[in-house]
Structures are given as structure tokens and as C-alpha cells.
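Q: pasting the sequence and the predicted coordinates here, then a few questions.
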Amino acid sequence: MAKSKGGGSNFRSAINGRFVTAKHEQASPRTTVKEARDGGSTQSTYRSAISGRFVTTKHGKASPHTTIKDS
């Protein structure tokens, strides 16, 4: 499978960290995060899949199914 080129975005599951399809994102918006391709580093912070906001490390570790660890 060839990699797509250019801009756009990817969707990642907050539950298992895998990339998912846009269709899956529409079916599960509270546990899926939209990421920019070739996005910059966020210094290993946690982000909420529900609100999209950055959260504390304590909250990120306490809520693994609704947060992702950006790197």
C-alpha cells in the first residue's frame, strides 16, 4: 500500500493508539483524535479525545480510553 502524500489528516483511536478510517472516526468521535500529517512535536503531553484540549499527565494516565499521548 502506497503512502499518501501532501497535507490532510489522520485519525487515531484513543483506546489502542492505532490509525483508523474517517468512517470509524464518525462512528466513534469521543474516542478518536484527528491529527495533522507531519505535525510537530508536543513534548509528550496528553490530549483529550473528547475536547481536543491538552490535559495534565495525571488526567491522561487516569483516563487512557479518552486521552492520547502526543509525542
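A: On my side now, so go ahead.

Q: which residues does T31 contact?
A: S13, A14, I15, A49, H65, T66 (Cβ atoms under 8 Å, 6 or more residues apart in numbering). C-betas here are computed from N, CA, C, even on glycine.

Q: which of the residues you listed count as buried?
A: S13, A14, A49, T66 (16 or more other Cβ atoms under 10 Å).

Q: give me phi/psi at the residue nearest the centre of the chain?
A: When Cα atoms, centre = their mean is applied to the chain, the residue found nearest the centroid is V33 (3.4 Å). In terms of degrees, to the nearest 10, the main-chain angles of V33 are phi -120, psi 140.

Q: tell me what it is bridged to.
A: R12 (DSSP bridges).

Q: one more: I68?
A: Beta-bridge partners of I68, as defined by DSSP bridges: R47.

Q: right, and it touches G17 too?
A: Yes: between I68 and G17 there is a contact at 6.9 Å, judged by Cβ atoms under 8 Å.

Q: related to what we said a few turns ago, correct me if wrong: the residue nearest to the centre of the chain contacts R18.
A: No: assessed by Cβ under 8 Å, V33 is found out of contact with R18, at 11.5 Å.

Q: more neighbours, I68 and G17?
A: I68 (21 against 11; other Cβ atoms under 10 Å).

Q: so how far is Q43 from that one?
A: 14 Å (Cβ to Cβ, to the nearest Å).

Q: mind saving the C-alpha coords of the helix-or-strand element of the chain with minimal mean pLDDT as CSV?
A: Sorting the helices and strands of the chain by mean pLDDT, DSSP states H and E puts strand 32-36 at the bottom, at a mean of 83. Extracted C-alpha coordinates of strand 32-36, given in CSV (Å, rounded to 0.1, in the frame of the first residue of the first chain):
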residue,chain,number,x,y,z
THR,A,32,-10.9,9.2,18.1
VAL,A,33,-8.5,12.1,17.6
LYS,A,34,-7.8,13.9,14.4
GLU,A,35,-4.1,14.6,13.8
ALA,A,36,-2.4,16.7,11.2
